[in-house]
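**Q** A structural model of the following input is requested.
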Amino acid sequence: MLTSIKIEKLFDIFDYNIEFKKEGITILTGPNGYGKTTVLKILDALAAQNSFFFIHLLFKTIILNLSNGNTITLDKQGDGEISITTNRSKPIRWNNKYLEKILKRTHYFHQIDEDRWIDERTDNMYSTDSLLQKVMLEFPEIGDDLQSNDFPKIPAVYFIRAQRLLRPVPDTKMRQRHRSFEFPLDREISAFSNTIEEYAKELRENIKETLAKSSQINQELDGSFPRRLFDQLQDISETEFNTRFSIVKSIQKALSAFGLSDIKEDSHPTYKVENAKALYVYINDAEKKLAVFSELLAKLKAFTDILNERRFTFKRIAISKEDGFKFSTDQNKPLALGDLSSGEQQEVVLLYELLFKVKPGTLVLIDEPELSLHVVWQKLFLDDLFKIIELQQINIVVATHSPQIINTHWDLTVDLEELRDAALSK
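**A** Below is the predicted model:
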């Protein structure tokens, strides 16, 4: 877990010592130009071991402290070289020659000047930083090579950027052939898709895989049920059976509510002492069959509850095996995902990423969560984040301009302007 980050001479101006809040949410505030988003990018680049980013970032020193006592220090040397040291590993060095070597392996990109590269296939120009994103997308094997085994381990980072309604489609090239010339001309077109549509498909596949696992478990248990029934020696008390069966019924009800099961809730079996051994096998099997849905059901409940109860007034979200998720009006008229407003799409995408894309133990970075959100939604945002933190076991750093996002949680803020003023007064 990260405890703090210290940055000296960011943009050759700012000195920051940022301590992350123990409550699990740290909110970065401050005027434009003070580097809120850049702090998020620094954390993201450290986790990705993105040497490109640090070679071209203007700074003197970055020190990252972890709860295990490890410290990671990045020092900017001459000619853009970066020295990375820790209290537990050998120094690592990144420099422009290393960067150029990696880019030249693609054979397509050539340097024009200090910070401009050209793609010979398309004649498109890129800064070094923007080129990195393109190279990593097109050539994922290069990204694997960039990972150093000597680099100190830090918690996983997931960056939810300000631009989240459109996303590049990985490993996809769209070609447009111009036939108005004497010879064919191929021009690459960047491929983007609507994030909300991609996530609906992704959830559909998640549900499909979970149902397949459930079916396999059911077959295995049902196939061995007679043998286990005859071999069973232990029985179960009426109180324990009723308690456990009540939980089974509630899970079955939740599955039916989300359209994930056509099985009706079991009627309550009559407990008889002479059937206690059989009921023990039965309840154990029922719990094992439903356990595969546990994590998915918790996330689906949080996802739909937040949107239906606290966000959308005249629209409803529903979970679907065929569509992943879908929307309708209060009059049950279907809505296309594209019919949602930009603010509604922002909310759906943000919640989906927090619940379905982020793994436990991750440091989540959220840039400008207030984008396109109604003021009322902004005021509810942090309260919902706390629920998600408890469910997902994650930590979050938010960069925002919005006092409505902060609402009553000013104790969680780190004001970069105040840090700048404090550094100047020393």
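**Q** the stretch 201-350 of the chain: strands as residue ranges?
**A** 315-320, 324-329, 334-335 (DSSP state E, counting those that start in this stretch).
**Q** just put those strands in CSV and tack on mean neighbour count, mean pLDDT and distance to Met1.
**A** Heads up, the C-betas are built off the backbone N, CA and C, glycines and all. Shown next, in CSV, are the strands of the stretch 201-350 of the chain (neighbours: other C-beta atoms under 10 Å; pLDDT from 0 to 100; distance: least, C-beta to C-beta, whole Å):
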stretch, mean neighbour count, mean pLDDT, distance to Met1
strand 315-320, 18, 94, 33
strand 324-329, 18, 96, 32
strand 334-335, 13, 94, 41
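**Q** redo these as JSON lines? Include distance to Asp15.
**A** Output for the strands of the stretch 201-350 of the chain, formatted as JSON lines (distance: least, C-beta to C-beta, whole Å):
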{"stretch": "strand 315-320", "distance to Asp15": "45"}
{"stretch": "strand 324-329", "distance to Asp15": "45"}
{"stretch": "strand 334-335", "distance to Asp15": "50"}
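**Q** so for Tyr199, which of those sits nearest?
**A** strand 324-329 (7.3 Å; C-beta to C-beta).
**Q** so which of the strands of the stretch 201-350 of the chain gets nearest Ile394?
**A** Taking the strands of the stretch 201-350 of the chain one by one with C-beta to C-beta, strand 324-329 is closest: 21.7 Å.
**Q** what lines up beside the closest one in the sheet?
**A** Sheet pairing of strand 324-329 (DSSP bridges) gives strand 315-320 (antiparallel), strand 334-335 (antiparallel).
**Q** any chance of these in TSV, with distance to Gln49 too?
**A** Converted to TSV, the strands paired with strand 324-329 look like this (distance: least, C-beta to C-beta, whole Å):
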stretch	distance to Gln49
strand 315-320	37
strand 334-335	42
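**Q** mind checking which of these is nearest Leu10?
**A** So among these, strand 315-320 is nearest, using C-beta to C-beta, at 40.7 Å.
**Q** state the distance from Asp383 to Tyr158.
**A** For Asp383, the distance to Tyr158 (C-beta to C-beta, to the nearest Å) stands at 21 Å.
**Q** same thing with Leu74?
**A** 21 Å.
**Q** more neighbours: which of the two?
**A** More neighbours surround Leu74 than the other of Leu74 and Tyr158, with 22 against 18 (other C-beta atoms under 10 Å).
**Q** let me see the ranges of the helices in the stretch 151-300 of the chain.
**A** 195-231, 238-257, 276-291, 294-310 (DSSP state H, counting those that start in this stretch).
**Q** for those, which one sits closest to Asp12?
**A** Here helix 195-231 is closest among the helices of the stretch 151-300 of the chain (C-beta to C-beta), at 35.6 Å.
**Q** tell me the buried residues in that closest one?
**A** For helix 195-231, burial by neighbour count (16 or more other C-beta atoms under 10 Å) applies to 195-196, 198-200, 203-204, 207, 210-211, 214, 217, 221.
**Q** so what does that helix touch, helix or strand wise?
**A** Applying 3 or more C-beta pairs under 8 Å, 6 or more residues apart in numbering; DSSP states H and E, we find helix 195-231 packed against strand 166-168, helix 276-291, helix 294-310, strand 315-320, strand 324-329, helix 342-352.
**Q** just put the ones you listed in JSON lines and tack on distance to Ser372.
**A** Listed next are the helices and strands packed on helix 195-231 as JSON lines, based on distance: least, C-beta to C-beta, whole Å:
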{"stretch": "strand 166-168", "distance to Ser372": "13"}
{"stretch": "helix 276-291", "distance to Ser372": "38"}
{"stretch": "helix 294-310", "distance to Ser372": "15"}
{"stretch": "strand 315-320", "distance to Ser372": "15"}
{"stretch": "strand 324-329", "distance to Ser372": "17"}
{"stretch": "helix 342-352", "distance to Ser372": "4"}
